[in-house]
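Engineer: fold the following for me, if possible:
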Amino acid sequence: MKTKYKITTFLLAILLFATSLQTQAANTDTNSDPEKDKILVYILRNILTRSHFVVKDMNDDFSEYVYTEFIDGLDPSKRYFTQKDMKDFSKFKYEIDNQLLKEDVSFYNLVYERFTSKIKNAKSYYGDLLKQPFNFNKTETIDVDYEKVPFAKNENELIDYWRKQLKLSTLIRIQDKLDKQKADVLKDKNHKTKSFDELEKEARAEVLKNMDDLYVRIEELEHEDWFSTFLNSVVGAFDPHTTYMAPSIKERFDQDMSGKLEGIGARLVKKGIYTEIFELVSGGPAWKEGSLEPGDVILEVAQGSKEPLDIVGMRLDDAIKFIKGKKGTEVKLTVKKKLDGTTKVISITRDVVELEETFVKSSIVEKDGKKFGIIDLPKFYIDFNEESYRDSAKDMEQEIERLKSEGVTGLIVDLRNNGGGSLKTAIEISGLFINEGPIVQVKYRGEDPIIKKDIDPKIQWEGAVVVLVNEFSASASEIFAAAMQDYKRAVIMGGNQTYGKGTVQSVLPINQFTKYDKDLGALKMTIQKFYRVNGGSTQIEGVYSDIAMPDRYSYMKFGERDLDGALVWDKVKQADYVQTNSYQNFNDVVNNSKQRIATDSKFKLINEYAKWLKKKQDDNSYSLNYKQFEEVNVANEKDAEKFKSVFDYKSDLTFNSPTYELSLIKKDTALADKRLAWHKNLSKDVYVFEAINVLSELKMNTKNEIVKQ
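Structural biologist: Next comes the predicted model:
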């Protein structure tokens, strides 16, 4: 392909230059961050300008974007920089593009050095401010719409910004404590109450602890972390989904996409200077070994028979590197037990850990004598490094086969909150529901669209289908939903429209462009836009539901259309495809559902709740006078009382695991608890209930008729 040839030639050019930069680095300091930074800037700049979907000039507008984004990325709440700092920075406002063309990071260095000095000052600011009680009788307000708030004029005004932010945090905690105290008194009239001053002191202490914990994490960050923020300001100027991933972020991305990792199977959290077990992954090595428990603190880590390494005070990312490891290797953890405080050495053999919540799961429900299946697909997962490993398309095919064996007659595919994933699996999953034909069109910069097809004539599921979506269904979810809608193969139900991400990203490891011996991370870059088979893009517009149901996000501002720099909507030529004529009564069923929703008191209440949430979202000003704050809080509680029962819903339906899963649940209590919770939530889900109503009404055409488009 022409595009691949261009990229291959380009890689060679970059490799030659980056190697020369590395040679320069070798002649000075093999660990020189400045030279590493130059290599990254050079490679990223050239990849983006030559291969990103959008042709973008590195000009003054570009420079201004990077300038604003980087400063906002470091100081989003206006806690550090003053107008004097901004005056010093402003000389670079329209020079960053010119600097980047010369691999010059003077702007970054100036802002970063100033920022690190400000961080040191911050601890004294909040520490001193939280020593004394705040004056809650004073009439003053705080505006938390920080995009509109100007930078402080000087250090005195900056400290006042801190004072107001800390005062608001304390005030919120006081209000929570007073509300809890009132509730406790209602339960027990003899409950001992505390004065406002006592609660205020407790609240300040809690805010101080939170701030201390925050700055422990901030101080653990290294040059690489902050430089990544700068690089993301640069690459983000091309579009919101183009990002630079530092090595640790790339590792987490791969783990997220594949749904697996190699290690002990424990989620860790930093508590002060300690690394603590937060949760064990069901079925993982630590869970099987049985000695580790949530709340246990890891003090030392040893690789097999080697000497243990003290990890107390170590940053979490570094501690994780020592605890994780290849399948079959041994790690010995010196652990302080939560229950009795004793110290114990626990030996665990690492293994592949599957993150169960990533994968497809299904449930069966019966209504009016018919069985229906619901498949939850959290993401379109795949392991790019191991083809034999499970992926979402293989799992969907298997899950559908299992549901068919249970006598299911209709199927709900739940894509709510599914942010996407693999384009390949989205195409393959679409193919499970149609005979064969185009699924999506993808287009590189300056080239004609390429039609991606399902070439397998097999139809895995021929029955009725409802696809549930919401405003967070994005990317690959939209490819699948759009294909099902364009083929008239499924009824799309949910929010008014999906997220609207109609772009495709490719992940490029930076080290393929250089012989630099340290991991440089990766660039996730937008290289294509995708289009429906009807020719329209899902970019910005998303997929509009056949049956729109009110939800809490109906009036909220988010989605692709609300992102700065999002690519525009456009269209290409319609692909040559044939629409299935799967249903006898598609339009009637859709209209029936719309009428039910329009007259349903529950959906009416949800719609009113969504309007109220939007109003609250737009309110960015808070009084810091306690009486005024309480008055607003009481008014809000009164309004909220109307919506107390907004999601209180209970259908008379019972959801059960498919037969194959019952034996697994017996062996795994954690899995049993998760499924019990999921089934309980499904029975209380008004959207699932309406989807089942639609499924129960759909009538399939008995003949395989098609309508030519």
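Engineer: secondary structure element for residue 298?
Structural biologist: strand 297-303 (DSSP states H and E).
Engineer: revised request: answer the last question for residue 596.
Structural biologist: Going by DSSP H and E, residue 596 is part of helix 586-599.
Engineer: now do that helix: which elements does it pack against?
Structural biologist: Using 3 or more C-beta pairs under 8 Å, 6 or more residues apart in numbering; DSSP states H and E, the elements in contact with helix 586-599 are strand 491-494, strand 547-548, helix 686-697. C-betas here are computed from N, CA, C, even on glycine.
Engineer: what's the first helix or strand after that helix?
Structural biologist: Past helix 586-599, the next helix or strand by DSSP H and E is helix 601-617.
Engineer: so which elements touch that following helix?
Structural biologist: Secondary-structure packing of helix 601-617 (3+ C-beta pairs under 8 Å, 6+ apart): helix 686-697.
Engineer: packing partners of the helix it packs on?
Structural biologist: With contacts taken as 3+ C-beta pairs under 8 Å, 6+ apart, helix 686-697 sits against strand 361-367, strand 370-376, strand 410-414, strand 464-469, strand 491-494, helix 586-599, helix 601-617.
Engineer: worst average pLDDT in these?
Structural biologist: Lowest mean pLDDT within these: helix 601-617, a mean of 91.
Engineer: the closest residue to residue 431 other than its chain neighbours: neighbour count?
Structural biologist: Distances taken as C-beta to C-beta, 6 or more residues apart in numbering place residue 454 nearest to residue 431, at 3.1 Å, with adjacent residues excluded. Residue 454 has 22 neighbouring residues, counting by other C-beta atoms under 10 Å.
Engineer: give me the phi and psi for residue 454.
Structural biologist: Phi and psi for residue 454, reported as degrees, to the nearest 10, are phi -90, psi 120.
Engineer: and what of residue 201?
Structural biologist: Backbone torsions of residue 201, given as degrees, to the nearest 10, read phi -60, psi -40.
Engineer: residues in contact with the residue nearest to residue 658 when sequence neighbours are not counted?
Structural biologist: Excluding the flanking residues, the one nearest residue 658 by C-beta to C-beta, 6+ apart is residue 402, at 5.3 Å. Taking C-beta atoms under 8 Å, 6 or more residues apart in numbering, we find residue 402 in contact with 362, 658, 659, 660.
Engineer: widest-spaced pair of those?
Structural biologist: 362 and 659 (11.1 Å; C-beta to C-beta).
Engineer: higher neighbour count, those two?
Structural biologist: Shown here are residue 362 and residue 659; by other C-beta under 10 Å, residue 362 has more neighbours (26 against 11).
Engineer: any idea how far residue 620 is from that one?
Structural biologist: As judged by C-beta to C-beta, to the nearest Å, residue 362 and residue 620 stand 43 Å apart.
Engineer: grab the nearest non-local neighbour of the residue nearest the centre of the chain.
Structural biologist: Centroid check for the chain by C-alpha atoms, centre = their mean gives residue 419 as the closest residue, at 7.5 Å. Nearest non-adjacent residue to residue 419, counting by C-beta to C-beta, 6+ apart: residue 474, 4.9 Å away.
Engineer: same thing with residue 421?
Structural biologist: Nearest to residue 421 is residue 380, by C-beta to C-beta, 6+ apart, at 3.3 Å.
Engineer: give me the neighbour count for that neighbour.
Structural biologist: Applying other C-beta under 10 Å, we find 28 residues neighbouring residue 380.
Engineer: phi, psi of it?
Structural biologist: Backbone geometry at residue 380, expressed as degrees, to the nearest 10, gives phi -90, psi 80.
Engineer: returning to what we had before: single out the most deeply packed of the helices and strands packed on helix 586-599.
Structural biologist: Across the helices and strands packed on helix 586-599, averaging neighbours per residue (mean count of other C-beta atoms under 10 Å) puts strand 491-494 on top, at a mean of 25.
Engineer: what sits up against that strand?
Structural biologist: Contact with strand 491-494 is made by 416, 465-470, 473, 481, 484-485, 543-549, 551, 586, 589-590, 593, 687, 690-691, 694, 698, as judged by C-beta under 8 Å, 6+ apart.
Engineer: cool, stretch 427-437 as well?
Structural biologist: 377, 380, 392-393, 396-397, 400, 439-440, 452-457, 459-461, 465, 479-480, 483-484, 487, 489-490, 533, 577-578, 580.
Engineer: would you mind listing the buried residues in the top strand by length along the chain?
Structural biologist: The longest strand of the chain (DSSP state E) is strand 522-531. Within strand 522-531, the residues scored as buried using 16 or more other C-beta atoms under 10 Å are 522, 523, 524, 525, 526, 527, 528, 529, 530, 531.
Engineer: residue 509 versus the second one, what's the distance?
Structural biologist: Counting by C-beta to C-beta, the gap from residue 523 to residue 509 is 8 Å.
Engineer: residue 507 pairs with what?
Structural biologist: residue 524 (DSSP bridges).
Engineer: pLDDT score assigned to it?
Structural biologist: Reported pLDDT for residue 507: 91.
Engineer: and if you look at residue 290?
Structural biologist: Residue 290 carries a pLDDT score of 82 in this model.
Engineer: now swap in residue 172 and tell me
Structural biologist: Model confidence at residue 172 (pLDDT) stands at 91.
Engineer: ok, residue 360 - contacts?
Structural biologist: 375, 376, 377, 378, 392, 395, 396, 399.
Engineer: which one among the residues you listed gets closest to residue 174?
Structural biologist: residue 378 (38.8 Å).
Engineer: so what's the residue count around residue 264?
Structural biologist: 27.
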